[in-house]
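Trainee: Following is a predicted model, sequence given first.
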2 protein chains.
Amino acid sequence: MRRIAVLAEGYFNWQDAKTAVGILRYRSDTVVAVIDSTNVGRDAAQVLGDPDGPGKGVPVVANVSAALAYAPDTLVIGIAPIGGQLPAVWKAEILQAIAAGLDIVSGLHHFLSDDTELAAAAKRHRVTIWDVRRPPDELAMRIGEGRAHRPGSHVAYFCGTDCNVGKMTVALECAREAKQRGLSAAFAATGQTGIMIEGSGIPADRFISDFLAGGVEGMVLDLAERFDWVFVEGQGSLLHPAYSAVTLGLLHGAAPDLLVLCHEAGRSHIRRYQVPIPPIPRVRAIYEEAAGWLKPASTVALALNTFGMSDAAAREAIAQAQRETQLPTTDPVRFGAGPILDALLAAV
Amino acid sequence: MRRIAVLAEGYFNWQDAKTAVGILRYRSDTVVAVIDSTNVGRDAAQVLGDPDGPGKGVPVVANVSAALAYAPDTLVIGIAPIGGQLPAVWKAEILQAIAAGLDIVSGLHHFLSDDTELAAAAKRHRVTIWDVRRPPDELAMRIGEGRAHRPGSHVAYFCGTDCNVGKMTVALECAREAKQRGLSAAFAATGQTGIMIEGSGIPADRFISDFLAGGVEGMVLDLAERFDWVFVEGQGSLLHPAYSAVTLGLLHGAAPDLLVLCHEAGRSHIRRYQVPIPPIPRVRAIYEEAAGWLKPASTVALALNTFGMSDAAAREAIAQAQRETQLPTTDPVRFGAGPILDALLAAV
């Protein structure tokens, strides 16, 4: 069991700190402090806007020095900034953590272990730097083969209208629900936060384009040999001006039988872009169309992210989306993943 | 002007030696020899099956030693094998070329300049190693912005039913035809051979997935500032089990106004895969659908690769495809790119 300090300086909010929030939600027992000097004095749950939610009781502190009071053994770089660059001011903080004997876990595009100064410091202080976005050697240059999964296995892909709508969370909740029901199920991580939570996976957006589908296919083929259900974390959106390639590579590489569509209630445009999100039934048709170029997949449920709404408003938004899409719809974080898992089980 | 020896050992045929064939066709005045010990004694054009075609008069020799008789100053790695690995037996040949003072140009995924032995040899003999598949620094980590091109510019994307059907060639022929007509036109290279021919470009399949659309967008925005017509070389196919992500990243990053669809007459399946190629009108609809998720683009012409057919059979295949698709159709290598350029000009 790790004792994790999460570095999220200046970014620790629900929208920007995907990694920090994900780790607080699924590895919360291991987080001893969050570092963000702009939010000192409250606990992490309060900062995230849900006092009883992830991060309850986890102190927010000003810097690595202050975090050391809570005896961490690991520093996680807890944001995934656009472009994946390491904010320059953080390097001194990371060096300080290394000097204090902490292992470093990073999901940035720029590999910390390739930084000669950080690498030398890690060697000197005998700590490890794990760049979770570095593709695993055995899959980094695998060519997609279009191979069929083990008969009897079922692969579900969790696709989204946009980035940051909750695809990873929905896949994790479904995997948890399936395991609680005694099913043989695996969560297939495809992003830095999912990989940190799961301990393994495919950093899809960091793969060389030529090998993306092949890498994902390799991971899914392996999981489908060992589990009856494979829940593949989706990335990006087919509608995203920057990341649609990542999405299609995952979709074709994972070759799912079933799709779960994820959306945030009220989001009308691709975040940070001018691109409008079409009506949900149209987005569903787009994913089924693109999957179907190689292998048919049908959408069985809609996961609606209702973060920040009242329970009553959330229920109304879910009911409305269900009417619009004719799909079983829920917010699995708020109301549990049962209806989504039921829909998956009913489809096979 | 370079004096190029092309290393294509064991792979020098029309299907496997894309890079060699492309260089022979568009930089033929600079090629002094092709290396392939399995085809010694004929000239390159004879080996490729068209005695009056690209490579006429270019000797095929057994190894680097034999090529040195023709006084090359550059060795081009003239194949793009699946996976991009350097065949092990070639390394000694490359070291010999370096020792003889030749610059090295490679389109392999494995960067030769990262090989310590090759890099040390290059330094010792004061030659350069150009890995054309290494993304250019200024575009390697650019995030797609979804920015509009300069008003008045026109961007055409050359898409294909499969890999290796002639997308690069068609785009190059259209660019050449446009320049001959006095138009302001640029060829935007997106693959290793196109980059070698053009001297610059985006190695799309080597980009990190997250930055593919952004890198292509950056190149196209720049070219559209300086030229009225930008002809973007397509890669892969939206139907390809391994490479569809590369294709969608290019399509969304280039954000074309117009599409030219490329197909090889008689090809029924994705090469090396079990995936059937749907009827051409369906492939056209797939590309227009995918482009339209972000920006509408219409298909204006079909380029049909009729390599290996008689002129009469080629004319019949073209006529049949034109009837089936209702698109202006020709083989621009055999009959000239005029009708395709006419269709592009008529569409704006």
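Mentor: That came through, no problem. Numbering: from 1, shown residues only, chains lettered A, B, ... in the order given.
Trainee: Now do residue A:15, the pLDDT please.
Mentor: pLDDT for residue A:15: 72.
Trainee: What degree of burial does it show, as a neighbour count?
Mentor: 10 (other CB atoms under 10 Å in any protein chain shown). C-beta here means a position set from N, CA and C on the backbone, and glycine is covered the same way.
Trainee: can you tell me how far it sits from residue A:22?
Mentor: 13 Å (CB to CB, to the nearest Å).
Trainee: Per the annotation, how does chain A divide into domains?
Mentor: Here the domain parsing of chain A from automatic domain parsing is A:4-131, A:139-346.
Trainee: For those, give me a markdown table that also has distance to chain B.
Mentor: Output for the domains of chain A, formatted as a markdown table (distance: least, CB to the nearest CB, whole Å):
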| stretch | distance to chain B |
| --- | --- |
| domain A:4-131 | 6 |
| domain A:139-346 | 3 |
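Trainee: ranking those domains by mean pLDDT, which is last?
Mentor: domain A:4-131 (a mean of 90).
Trainee: end to end, how far does that one reach?
Mentor: One end of domain A:4-131 sits 16 Å from the other (CA to CA, to the nearest Å).
Trainee: quick one: the strands in the stretch 201-348 of chain A?
Mentor: A:229-233, A:258-264, A:298-305, A:329-330 (DSSP state E, counting those that start in this stretch).
Trainee: So which of those strands is nearest residue A:158?
Mentor: Of all those, strand A:258-264 sits nearest to residue A:158, with 5.0 Å by CB to CB.
Trainee: Could you single out the most deeply buried of the strands of the stretch 201-348 of chain A?
Mentor: For the strands of the stretch 201-348 of chain A, average neighbour numbers computed from mean count of other CB atoms under 10 Å in any protein chain shown are highest in strand A:229-233, which has a mean of 29.
Trainee: For it, enumerate the helices and strands it packs against.
Mentor: strand A:154-160, helix A:167-180, strand A:185-188, helix A:209-226 (3 or more CB pairs under 8 Å, 6 or more residues apart in numbering or on different chains; DSSP states H and E).
Trainee: got the angle between the last one and strand A:229-233?
Mentor: With axes from the mean of the first three to the mean of the last three CA atoms, to 10 degrees as the criterion, the two stretches helix A:209-226 and strand A:229-233 enclose an angle of 150 degrees.
Trainee: between helix A:209-226 and strand A:154-160, how many degrees?
Mentor: Angle, helix A:209-226 to strand A:154-160, by the same axes, to 10 degrees: 140 degrees.
Trainee: Show me what helix A:209-226 is packed up against.
Mentor: helix A:137-140, strand A:185-188, strand A:229-233, helix A:244-254, helix B:209-226, helix B:244-254.
Trainee: Now with 10 Å, please.
Mentor: Other elements packing on helix A:209-226 under the criterion 3 or more CB pairs under 10 Å, 6 or more residues apart in numbering or on different chains; DSSP states H and E are helix A:137-140, strand A:154-160, strand A:185-188, strand A:229-233, helix A:244-254, helix B:209-226, helix B:244-254.
Trainee: next one: the shortest one
Mentor: Secondary-structure packing of strand A:185-188 (3+ CB pairs under 10 Å, 6+ apart): strand A:154-160, helix A:167-180, helix A:192-198, helix A:209-226, strand A:229-233.
Trainee: quick one, what contacts the residue of chain A most remote from its centre?
Mentor: In chain A, the greatest distance from the average C-alpha position (CA atoms, centre = their mean) is reached by residue A:124, at 32.5 Å. For residue A:124, the contact set (CB atoms under 10 Å, 6 or more residues apart in numbering or on different chains) comprises A:98, A:99.
Trainee: Quick check on it: phi, psi?
Mentor: Phi and psi for residue A:124, reported as degrees, to the nearest 10, are phi -60, psi -40.
Trainee: Give me the buried positions along stretch A:60-71.
Mentor: By neighbour count with 16 or more other CB atoms under 10 Å in any protein chain shown, stretch A:60-71 contains the buried residues A:60, A:61, A:63, A:64, A:66, A:67, A:68.
Trainee: If we ignore the residues flanking it in sequence, what's nearest residue A:184?
Mentor: Nearest non-adjacent residue to residue A:184, counting by CB to CB, 6 or more residues apart in numbering or on different chains: residue A:228, 4.2 Å away.
Trainee: Quick check: that neighbour touching residue A:179?
Mentor: No. With contact defined as CB atoms under 10 Å, residue A:228 does not count as touching residue A:179 (11.4 Å).
Trainee: Point out the most buried one among the domains of chain A.
Mentor: Neighbour counts (mean count of other CB under 10 Å) averaged over each of these peak at domain A:139-346, with a mean of 22.
Trainee: Relative to the whole chain's centre, how far out is it?
Mentor: Here domain A:139-346 is found 10 Å from its chain centre; the criterion is CA atoms, centre = their mean, to the nearest Å.
Trainee: Span of that domain from start to end?
Mentor: Start to finish, the residues bounding domain A:139-346 are 33 Å apart (CA to CA).
Trainee: Now for the closest residue to residue A:274 other than its chain neighbours: which residues touch it?
Mentor: Nearest residue to residue A:274, sequence neighbours excluded (CB to CB, 6+ apart): residue B:146, at 6.7 Å. Residues in contact with residue B:146, defined by CB under 10 Å, 6+ apart, are A:240-242, A:270, A:272-275, B:213-214, B:217, B:252-253, B:255, B:294-295.
Trainee: Would you verify that residue B:146 is located in a strand?
Mentor: No. Per DSSP: H, G, I helix; E, B strand; the rest coil, residue B:146 lies outside any strand segment and is coil.
Trainee: how close does it get to residue A:243?
Mentor: Using CB to CB, residue B:146 is found at 11 Å from residue A:243.
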